[in-house]
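**Student:** Turn this into a model:
(one chain, ligands or ions: 1)
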Amino acid sequence: MSTPKREGGFRAAFPGEARRGESPSPREGLSPQAVDILFPIFEQASAGAISVDVDSRITWINDSYCRLLGIGDPQAVIGRPVARIIPHTRMPEVVRSGRPILLDIMEAHDQQLVVMRLPVHDEIDGRVIGAVAFILYDDLQPLTPMISKYRRLQRDLAAARRALARRGARYEMGDFVGASPEVLEVKRRARLAAARHTPVLLLGETGTGKEVLAQAIHAASPRAEGPWVAVNVAAVPEGLLEAEFFGVAPGAYTGADKRARQGKFQLADGGTLFLDEVGDMPLALQAKLLRAIQEGEVESLGSNEVQPVNVRLITATSRDLEAMVAEGSFRSDLYYRLNVLTIRLPALREHPADMGILCEALLEKLALESGEPRAEIAPDAVALLAAQPWPGNIRELRNVLEQTLALNEACSVIDAATLTPALPRPSGETPPAPPLRPLAEAVADAERQAIRQALAASGGNRSRAARLLGIPRSVLYTKLAKLSLNPDN
Ligand SMILES: Nc1ncnc2c1ncn2[C@@H]1O[C@H](COP(=O)(O)OP(=O)(O)OP(=O)(O)O)[C@@H](O)[C@H]1O
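**Tutor:** From the prediction side, this is the model:
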């Protein structure tokens with residue numbers, strides 16, 4: 001690995017590299033100097049990916065890094081300051097210990113990338129004064145022990161997460177926030193549903209909290225100790241749905257695993273199976289689902305043995321199932337099976353009285369996630385928010401609050417003026433020219449807006465939204481996750 005570039009007055013040390021001077025004693029907390037350099041500098045191991053001068057202006061950027069960031073032309077960003085300050089939660093840890101931390105290993109552009117935080121040493125006295133993020137592309141040899149330790153950690157983490165998922169759902173009834181008559185009625189029906197074994201059908205626009213409520217029903221039911229298994233039908237490629245639902249017998253087809261693979265039905269045995277976007281289920285699978293519900297047994301792909309399963313089914317959709325039954329794209333017998341206890345979740349614009357407590361609950365959650373103090377919401381901001389149409393409902397509200405906090409560093413009270421730039425603009429108003437900023441951010445915002453529009457125009461139906469955008473459904477899902485338009489996933 002070659003020596004990392006020097007960046008005016010400080011340098012980052014790669015693992016194994018000798019430090020300068022005496023063994024450095026890390027400073028308490030972050031010095032003002034360190035805060036100045038807490039911007040993300042990404043550096044390639046063999047050649048610098050980006051050079052930044054003492055004023056944090058980009059002086060050079062290489063083509064592959066441009067591609068990584070989605071910047072078309074390097075000239076577009078040269079001379080621009082690195083504006084986004086991302087104080088990563090683990091930066092203070094790096095500063096305190098003086099040791100690098102491996103954050104992630106991922107595949108991109110057919111290469112393996114290692115993302116890490118490295119300590120930054122003062123050029124004069126060698127003390128640790130900050131941390132920077134690096135992406136390393138090649139020559140991972142010196143990092144091998146660190147990588148295997150990281151992989152072990154990831155495996156343990158994944159196992160711990162799986163164990164947690166087995167124990168139950170994340171949300172309880174108290175997490176479904178709202179005190180308006182509309183929401184209280186939803187909660188009353190949900191409590192009724194929790195006490196029974198009958199299937200529950202949740203209807204509501206995208207982002208109205210169908211998954212939150214489904215988990216709350218599971219958590220309040222006698223099956224709370226059993227598994228909680230959720231499948232988003234629209235997110236699974238059609239060809240894989242049957243295997244995903246019912247599992248695969250060993251050696252079921254050429255190339256299949258020698259071991260049996262359990263399906264979601266088997267995994268949910270003794271607990272609750274939540275099928276989100278059930279309206280997106282292909283007709284052939286609808287017949288198999290009906291059989292599983294009626295008989296209480298499933299048959300894995302490539303097997304001719306049936307297995308009994310004891311599963312409580314909760315389904316949800318933002319589509320008009322009745323209309324789909326009428327036009328023949330949803331089986332009427334399945335519809336009647338699923339539609340035993342129906343709960344219709346109101347759109348956010350139908351219960352504006354809940355805006356205040358919803359904002360407080362969401363701000364509390366955002367503060368917990370970011371580790372920053374919780375921001376308050378002023379009455380004029382609540383009034384402004386309550387007057388919006390919210391096609392993306394509570395998910396969209398959460399995004400607006402999150403964006404407002406990101407745009408206003410150390411914001412303690414959100415008022416109407418702070419909110420305005422983050423709000424979707426009613427048509428007819430000309431927006432002011434946006435400030436100049438990194439192209440990758442501008443492109444991400446434009447994509448976010450187009451996706452929001454398509455979701456609103458399709459009534460929250462993601463398959464239709466993907467068609468309107470001219471992209472495959474799977475690409476839409478990747479973008480929803482990447483652009484934080486789908487915070488739960
Ligand atoms: N009543 C509520 N109280 C608090 N948070 C909520 C509520 N409803 C939704 N949310 C939040 O809004 C986001 C979207 O909720 P959820 O995923 O349950 O919606 P959904 O109706 O299942 O959406 P989709 O149909 O798009 O899958 C989540 O971040 C969730 O925590």
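
**Student:** Residue 316 falls within a strand, correct?
**Tutor:** Yes - under DSSP: H, G, I helix; E, B strand; the rest coil, residue 316 falls within a strand.

**Student:** pretty sure it is touching residue 279, no?
**Tutor:** No - using CB atoms under 8 Å, residue 316 is not in contact with residue 279; the gap is 9.1 Å. Yep, even glycine has a C-beta here, placed from its N, CA and C like the rest.

**Student:** Tell me which of the two has more neighbours.
**Tutor:** More crowded of residue 316 and residue 279, by other CB atoms under 10 Å: residue 316, with 26 against 22.

**Student:** and this protein, which residues reach the ligand?
**Tutor:** For the chain, the residues in contact with the ligand (CB under 6 Å from any ligand atom) are 176-178, 204, 206-212, 276, 318, 361, 394-395, 398, 460, 487-488.

**Student:** which among those end up buried?
**Tutor:** Among the residues of the chain next to the ligand, those classed as buried by 16 or more other CB atoms under 10 Å are 176-178, 204, 206-212, 276, 318, 361, 394-395, 398, 460.

**Student:** Okay, domains of the protein per the record?
**Tutor:** Following automatic domain parsing, one finds the domains of the chain at 10-159, 168-346, 352-482.

**Student:** Which strand or helix spans residue 397?
**Tutor:** helix 393-407 (DSSP states H and E).

**Student:** hang on, I meant residue 205
**Tutor:** Counting by DSSP H and E, residue 205 is part of no helix or strand.

**Student:** Check the gap between it and residue 460 for me.
**Tutor:** Using CB to CB, to the nearest Å, one obtains 5 Å as the distance from residue 205 to residue 460.

**Student:** Please apply the same query to residue 309.
**Tutor:** 30 Å.

**Student:** and if you look at residue 474?
**Tutor:** From residue 474 to residue 460 the distance is 18 Å (CB to CB).

**Student:** now swap in residue 293 and tell me
**Tutor:** Taking CB to CB, one finds residue 293 at 25 Å from residue 460.

**Student:** Give me the residue ranges of the protein where confidence is low.
**Tutor:** For the chain, applying pLDDT under 70 flags the ranges 1-72, 76-77, 80-169, 251-258, 425-435, 486-489.

**Student:** In it, which residue sits nearest the ligand?
**Tutor:** Among the residues of the chain, residue 209 lies closest to the ligand, at 2.4 Å counting by CB to the nearest ligand atom.

**Student:** Please list the outside residues in contact with the helix holding residue 397.
**Tutor:** 204-209, 347-348, 358-359, 362-363, 365-366, 370, 372, 375, 385, 390, 392, 411, 414, 418-419, 421-424, 452, 484-487 (CB atoms under 8 Å, 6 or more residues apart in numbering).

**Student:** Among the residues you listed, which lie within strands?
**Tutor:** Under the assignment DSSP state E, the contacts of helix 393-407 contribute residue 414 to strands.

**Student:** Quick one: buried ones out of the contacts of helix 393-407?
**Tutor:** Counted by 16+ other CB under 10 Å, the contacts of helix 393-407 give 204-209, 347-348, 358-359, 362-363, 365-366, 372, 375, 385, 390, 392, 411, 414, 418-419, 422, 424, 452, 485-486 as buried.

**Student:** thought residue 335 was touching residue 323?
**Tutor:** No - assessed by CB under 8 Å, residue 335 is found out of contact with residue 323, at 10.9 Å.

**Student:** Compare those two (neighbour count), which wins?
**Tutor:** residue 335 (18 against 11).

**Student:** excluding its backbone neighbours, what's nearest that one?
**Tutor:** Spatial nearest neighbour of residue 335, excluding adjacent residues (CB to CB, 6 or more residues apart in numbering): residue 325 at 5.0 Å.

**Student:** Looks to me like that neighbour is in a helix.
**Tutor:** Yes - Residue 325 sits within a helix when classified using three-state DSSP.

**Student:** Could you report the neighbour count for it?
**Tutor:** 17.

**Student:** Could you do residue 337 as well?
**Tutor:** Look at residue 337: counted by other CB under 10 Å, it has 18 neighbours.

**Student:** Please give me every residue in contact with it.
**Tutor:** In this structure, residue 337 makes contact with 199, 290, 293-294, judged by CB under 8 Å, 6+ apart.

**Student:** returning to what we had before: mutual contacts of residue 205 and residue 460, please.
**Tutor:** Counting by CB under 8 Å, 6+ apart, the contacts common to residue 205 and residue 460 are 318, 391.

**Student:** which residues sit in contact with the residue nearest to residue 390 when sequence neighbours are not counted?
**Tutor:** Nearest non-adjacent residue to residue 390, counting by CB to CB, 6+ apart: residue 348, 4.2 Å away. Residues near residue 348 by CB under 8 Å, 6+ apart: 207-208, 358, 390, 393-394, 396-397.

**Student:** The residue of the chain closest to the ligand and residue 171 touch, don't they?
**Tutor:** No - the pair residue 209 / residue 171 is not scored as a contact, 9.0 Å apart, by CB under 8 Å.

**Student:** Do I have it right that the residue nearest to residue 335 meets residue 336?
**Tutor:** No - counting by CB under 8 Å, residue 325 does not reach residue 336; the two are 9.0 Å apart.

**Student:** ok now do the residue of the chain closest to the ligand, which residues does it touch?
**Tutor:** 176, 345, 393-394.

**Student:** from the residues you listed, which two are the most distant?
**Tutor:** 176 and 393 (13.1 Å; CB to CB).
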